[in-house]
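*Asks:* sequence and predicted structure, then a few things I'm wondering about:
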Amino acid sequence: MKYLEQKRRERLKDRGGFVLPTVVFALVIMAVVTVASLVGAGDEMTSSRAMHEASSAFYAAEAGLHEVFARWTDTDSVLDLVPPGGKLELEWRALEGGSRYRATIHRWDNGGQPMFILSVEGRGPGLMSGQRTLSFALTSNPLGLGIGYELGNCCKAAVTMRGDAQVEQLAGVSGFDEKPAGWGDECKPDTADRPGIIIKDESELDFETGGYAEGVPADVIEDPAMDESYFDDFGGLSWDSIRAMADHVIGDHPTEKEIHSGKTGPSYNADGSCNTDDPMNWGSPDPNDPCYDHFPIILVTDEVFLHGDTYAQGIFILDWDESQPWGMKGTEFDLEDNSVFNGVILGKGCVEVEDQASFHGGMFLDGYYRDERVCFGDHDFAMNDGAARMHFSQCAVDRAIYNSGLGKHATVNTLGDGNRPVLIGERAFGELVR
């Protein structure tokens, strides 16, 4: 019996346990599954949070893009100070819910008509928020649409002025929109008819021997509110600042300067391009000419007479000089003898159109300085030949303002969509997302 009991105990002693290892192995498997589940849940939460942050950042950028676009008029005057290649960085702006955006406006033109890229960075709420950037380009409204540019109070009629005016001998001032002869397709068929004359005091306007004015909504409109400050508004530019922007200066008091065919451009560089440095290059009416889009800003400081089939296009600024003893404080600009002018004339002085001369564009003339007449012994504005015509031309005004570089200071006229700045155009390309 003792032998059998001993053998049984030895067998039990040699038999290894298997329950504990099995239990331990099962616990390890369960721990791995639990950890994997926790890690998976954490990854899912991280992914979900990242997606939420990215979406919040995207919508913040989109909201900022539309808000800055809508508030463009608030930044327009500031953008005048941004040089070509420069940029304007706006401050971070918070949105409801904690998201925020920051806008940067890059100017990417080379000094011509301003063009901008609006880039908006959006961020979601929180310190570890996502980031998205949206961008699109802003370009100018197209030219010659019939509803085009105004430069401050210029040009809302064929003639806008205060002072003494005379139209006689069947000469006429027309506010009915007409494009210059021979100009290309940039002049759209749409019309933008205006009044013939807007004048401070209609009693100073004299029609004799069949002289006339015509236009819409009236041939002549009297505006008694016109004062010196009215003629000091050029779309954010003052008289002194726009005067300082002249590309060239023509003449000096007191010498009269006669300019006739052969003295003016167009002129060209050796490679055939338009020589814009030539002060007497006043553009070309030929759409195929390299100088067709050359519209210089000319400051006239003399009594200038264009005659003998002279052609000129651009923005001509008539200067004034209160220091001269003979009393002529303003420049006299005479367009006569079959000469043609297309563009804008503005400033302090006198204008005369006669002898079959043709004018297309707009005139913005102040015949007074400090409440005194600037043209001694002459009418501030006169037309005195039956074949002389002065036509409002929206296309001529648009091309002059656009090509002279003054487009960034202009607005769409009030017959359009609420005086929206011309820099607000359509998107040049789709939104870029990064």
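*Replies:* Thanks, I have it.

*Asks:* leaving out chain neighbours, which residue sits closest to F231?
*Replies:* D366 (3.8 Å; CB to CB, 6 or more residues apart in numbering). C-beta here means a position set from N, CA and C on the backbone, and glycine is covered the same way.

*Asks:* which residues touch E332?
*Replies:* Shown in contact with E332 (CB atoms under 8 Å, 6 or more residues apart in numbering): E303, V304, G349, C350, V351, E352, C375, D378.

*Asks:* what secondary structure does it sit in?
*Replies:* strand (DSSP: H, G, I helix; E, B strand; the rest coil).

*Asks:* and it, how far is that from F295?
*Replies:* Counting by CB to CB, to the nearest Å, the gap from E332 to F295 is 22 Å.

*Asks:* check F176 too.
*Replies:* 23 Å.

*Asks:* how far does stretch 221-241 sit from the chain's center?
*Replies:* 20 Å (CA atoms, centre = their mean, to the nearest Å).

*Asks:* now what about that stretch, what contacts it?
*Replies:* Residues contacting stretch 221-241 (CB under 8 Å, 6+ apart): 76-77, 80, 150-154, 157, 162, 195, 197-202, 242, 245, 346-348, 364, 366, 368-371, 406, 409-411.

*Asks:* make a PyMOL selection of the buried ones in those.
*Replies:* In PyMOL, a selection of the buried entries from those looks like this (16 or more other CB atoms under 10 Å):
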select buried, resi 76+150+151+152+153+154+157+162+195+197+198+199+200+242+245+346+347+348+364+366+368+369+406+409+410+411
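
*Asks:* enumerate the positions of stretch 284-292 that are buried.
*Replies:* Result for stretch 284-292 [16+ other CB under 10 Å]: buried residues S284, P285, P290, C291, Y292.

*Asks:* help me confirm that the first one comes into contact with N275.
*Replies:* No: distance between S284 and N275: 11.7 Å, which falls outside the contact criterion (CB atoms under 8 Å).

*Asks:* anything in contact with each of the two?
*Replies:* In contact with both S284 and N275: G265, P266, using CB under 8 Å, 6+ apart.

*Asks:* hmm, back to that, F176 and F295: which has the busier surroundings?
*Replies:* Neighbours were counted for F176 and for F295 using other CB atoms under 10 Å; F295 has more, 27 against 16.

*Asks:* flag the shaky bits of the stretch 251-400 of the chain, pLDDT-wise.
*Replies:* Residue ranges of the stretch 251-400 of the chain with pLDDT under 70: 252-257, 260-262, 321-329, 370-371, 376-377.

*Asks:* what separates the longest strand along the chain from the chain centre, distance-wise?
*Replies:* Of all segments of type strand in the chain, defined using DSSP state E, the longest is strand 340-353. Mean-position distance between strand 340-353 and its chain equals 24 Å (CA atoms, centre = their mean).

*Asks:* ok and the helix or strand following that strand relative to strand 340-353, angle-wise?
*Replies:* Going down the chain from strand 340-353, the next helix or strand is strand 358-366, by DSSP states H and E. Following axes from the mean of the first three to the mean of the last three CA atoms, to 10 degrees, one obtains 50 degrees for the angle between strand 358-366 and strand 340-353.
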